[in-house]
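S.K.: I'd like to go over a predicted model; first the sequence, then the structure.
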Amino acid sequence: MCFKNLPIEFDAQGNATLKPGAANPYSYTETPAPTPIEDDPERMRELFARNGAVRRVDFDPVTRVAGALAFHTVVDLENRQVMETASMATLFRGYEIILKGRDPRDAIFISSRACGVCGGVHATCSALACEMAFGIHPPPMGVVARNMLLGIEYLYDHPIHLSLLAGPDFSEPAIRETNPEIWERAEHTRAPGRATHGYEFMSELMTDLTPLTGKLYLEGLHYTRLAREAYVLIGGKYPHPQTVVPGGVSTTIDASDLNEIMLRVVKYFDYGRKTAAIWDDLADFFYEVNPKYQDIGTRPKSMIEPGQWDDPYAYDGTFKNCDDWGRKRWAPPGVIVDGELVTTSLQMLNAGVEEFVEHAFYEEWTGDGQNQRFPTDPAGNPLSPYHPWNKDTVPKPTATNWKEKYSWSTAPRWDRQAMETGAYSRIWAAAQTGAANFRDSDYMNSTGHSLEIHLPKADLPNTPIEWSIPETWGAFERNRARAYCILYTAAIAYDNLMMAYDLLRKGGPDAKMSTPYKIPKDHQIGVGLWSAGRGYLTHHMEMDKGVIENYQILTPSTWMASPKDPFGNPGPYEEAVLATPLLENYEKPEDFKGIDVLRAIRSFDPCMPCTTHMHTDDRTITREIISCACGAEGPHEH
Amino acid sequence: MRVLVCGVGYRFLRDNAVGVWIIDTLAPQASNGVEFEDLGYHPVGFTQNLQERPPYDRIVFVGAVARERTPGAVTTYRYDHVLPDVTEIQERVADSVTGSISLDNLVIVAEAFKALPEDVWVVEIEPADETWGDGFSPEIEAGLPKIMETVWSLTKP
């Protein structure tokens, strides 16, 4: 029984059904959001009388993240606590509306533009949704080619985050500026991983994380290049591939292409080892300096992970069989609640998803739960009126108000709980799946509490690599897990390369890249259950008469940048920052830089899909709907 | 003399596409030493590509940049190689690797990593309409011959 809050129960055969007796089973009573401190003059007076160090600090925009994110806080600098948080996605994407009425194949190319980092995963997710709706699936080589593309895309994505976006928060200039006492200690602390990464002292490692000039920063840039070079050999272009199509990949591959990819992928074996050692040392050093660093960005260990990298012989594109082919993925699906893996079923993962808009700039579309196109999914599992297949995107820009509406992100919830997702949910679900259920692979195995990775030897000694599920959960562990995911991803990319060589050698129908198809003219639905480098990604599609009727994209940052939900729960960024102790060294409030808050936010690798364009009723796009945290207290119209 | 003419912008965003449209239009006239390139990809990628190629004697960037001038205004200047502070450069790099394409990002990032030659020219066009769709606003449409001539003249020694 994986649901605690949704009105779903399971019969003796394990089939999900609605609990009997409720006329409107998904209805709920909204819990009013707490009154913002600034809107409560009495509380403000009381706080200031008690403590003059309470102040509003807005991060607008949050820099070194992808896209447009603003973050509002009220902090108590004397007690070193965050008292209030609000996460704002400040741009409306509107792809869901742009795609209405279009050929479903257009979704592959249009949705890819939702992001300048992870365009390929959107394209593939669209192709998966099309395949389910069209009743097709690629031949094995088409799946393997897609898997390689995905792996290479992550080998671009993870170094970006670790070296260029999060890394600078742990660099010499940042540490000297915010915690000079830590810098002094770093100068005298030997790095335990020096045999792997080559840095004798922690300070040397931090120096090389320095933006623009540090060797690790520049090395990160170099590795993004290697990945792009490998990607275009199959994808044609990066970040928006031109060869991802329903039923496979519209290009050919020969041994020369595979050799070119291999030459690049193997370089991540040592780079991954080195990166994992660096982030091990950083986390352990900070914990040793002050154990409270474990609380930076902490929140419950609740995560959602649809999985990715399909088994070429198991994936059949059907919803009916998605539990089976999902579990055979190199990254298996999983929903983790408070550290426990509660389901690995893609159908249950899908059935548990809802989106709420009480604090987002959208109209409620269900008529209080009465309007529902799909009471069940294609396998007969109950669906909520708030499920993406039942969702309509109706923008409703209004003044920003922390108690009412303040974000263009909806509030996605699974079983009405806030979930985070990312590279770490991927490796966590894989680790927790356990040996009995994890797919066979020459390069990794799951122990139930860790993931062991066995890569072929490159230049560095071939020591065992193991990522273990951490006891505490916060910003440092997110970054550490992401670093290990370079190795995890490289292992999967290598595994698929070996499969591709084998398929190429054998030839025959399995070595074809794609399958022919016709676009159905009748009513169909499909879903792409996939992931981006930053975690969960689904595309829910409904089509009729050969065109898209409804299209819903749910991205990782929608989950994590989400505002509060109608049950009074904050979104993951909000929750993580609220729990963050302010460990920065400041004497006067004016010196406060907010480094711990930023470390917490950036550890999620925010990616606010970066479009500036909005769709109105007549398919006319109007420009830039931007809300700004600086005017939240006033009559700030969009 | 090796000259690279780079069109910067997003296709299908009306006037924002003028840079790449100019490249598309002029590319068939590429002759010895003059190359045209669509820079609809991120500045770090471009910088890395430049570092691999034989050096150019001149690079010309052309694209729409909104700076609240009269729509259709064409501003041509020789780049002075003056960089903003390190924090801004760092933010520009982060914007670049996460997919933002803009003329300012491109010039700053390429300069920060010392990929540009001494002789760099920028042709900025003030857009009137950057909404979704094909074709240009009347202001840009009317100015296209002049913009083309300006860009073409910069390919000459």
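M.R.: Okay, I see it. Numbering: from 1, shown residues only, chains lettered A, B, ... in the order given.
S.K.: give me every residue that touches residue 35.
M.R.: Answering for chain A, as no chain was given. Contact analysis of residue A:35 by C-beta atoms under 8 Å, 6 or more residues apart in numbering or on different chains lists A:43, A:403. To be clear about C-beta, it is placed using only N, CA and C from the backbone, and glycine gets the same treatment.
S.K.: that was the other one, I meant chain B.
M.R.: B:2, B:3, B:4, B:5.
S.K.: three-state assignment of it?
M.R.: Here residue B:35 is strand, with the state taken from DSSP: H, G, I helix; E, B strand; the rest coil.
S.K.: for it, which residues make a bridge with it?
M.R.: residue B:4 (DSSP bridges).
S.K.: leaving out sequence neighbours, find the closest residue to the residue of chain B at minimum distance from chain A.
M.R.: Going by C-beta to the nearest C-beta, chain A is nearest to residue B:99 of chain B, at 1.1 Å. The shortest distance from residue B:99 to any non-neighbouring residue, by C-beta to C-beta, 6 or more residues apart in numbering or on different chains, is to residue A:116 (1.1 Å).
S.K.: next, count neighbours for that neighbour.
M.R.: 24 (other C-beta atoms under 10 Å in any protein chain shown).
S.K.: Three-state assignment for it, please.
M.R.: Once three-state DSSP is applied, residue A:116 turns out coil.
S.K.: could I get the phi/psi values of it?
M.R.: Main-chain torsions, residue A:116, degrees, to the nearest 10: phi -90, psi 0.
S.K.: quick one on the thing from earlier: just checking, the residue of chain B closest to chain A is part of a strand?
M.R.: No: when three-state DSSP is applied, residue B:99 is found to be coil, with no strand at that position.
S.K.: surely it is in contact with residue A:238?
M.R.: No: if you go by C-beta atoms under 8 Å, residue B:99 and residue A:238 don't touch, sitting 10.4 Å apart.
S.K.: and for the two, which residues touch both?
M.R.: residue A:119.
S.K.: Three-state assignment for the residue of the stretch 251-400 of chain A found nearest chain B, please.
M.R.: As assessed by C-beta to the nearest C-beta, chain B sits closest to residue A:264 within the stretch 251-400 of chain A, at 13.9 Å. For residue A:264, the assignment made with three-state DSSP gives helix.
S.K.: run a quick neighbour tally on it.
M.R.: Counted with other C-beta under 10 Å, residues neighbouring residue A:264 total 20.
S.K.: that older thread, just among the contacts of residue B:35, which is most surrounded?
M.R.: residue B:5 (26 neighbours).
S.K.: which pLDDT value belongs to that one?
M.R.: Here, the pLDDT recorded for residue B:5 equals 97.
S.K.: and the strands in the stretch 501-638 of chain A?
M.R.: A:524-532, A:535-544, A:547-554, A:607-608, A:613-615, A:621-623 (DSSP state E, counting those that start in this stretch).
S.K.: out of those, which gets nearest to chain B?
M.R.: strand A:621-623 (3.4 Å).
S.K.: check contacts around residue 19.
M.R.: I'll assume chain A. So residue A:19 contacts A:7, A:8, A:9, A:25 (C-beta under 8 Å, 6+ apart).
S.K.: not what I meant, chain B
M.R.: Residues in contact with residue B:19 (C-beta under 8 Å, 6+ apart) are B:6, B:7, B:8, B:9, B:39, B:61, B:62, B:63, B:64, B:103, B:125.
S.K.: now those in TSV, with distance to residue A:407 and neighbour count?
M.R.: Listed next are those as TSV, based on distance: C-beta to C-beta, whole Å; neighbours: other C-beta atoms under 10 Å in any protein chain shown:
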residue	distance to residue A:407	neighbour count
B:6	37	24
B:7	35	27
B:8	31	29
B:9	29	27
B:39	33	24
B:61	36	26
B:62	37	31
B:63	32	28
B:64	30	26
B:103	30	23
B:125	34	32
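S.K.: ok, now how distant is residue A:248 from residue A:32?
M.R.: Counting by C-beta to C-beta, to the nearest Å, the separation of residue A:248 from residue A:32 is 50 Å.
S.K.: who has more neighbours, the two?
M.R.: Using other C-beta under 10 Å as the criterion, residue A:248 and residue A:32 rank with residue A:248 on top: 26 against 9.
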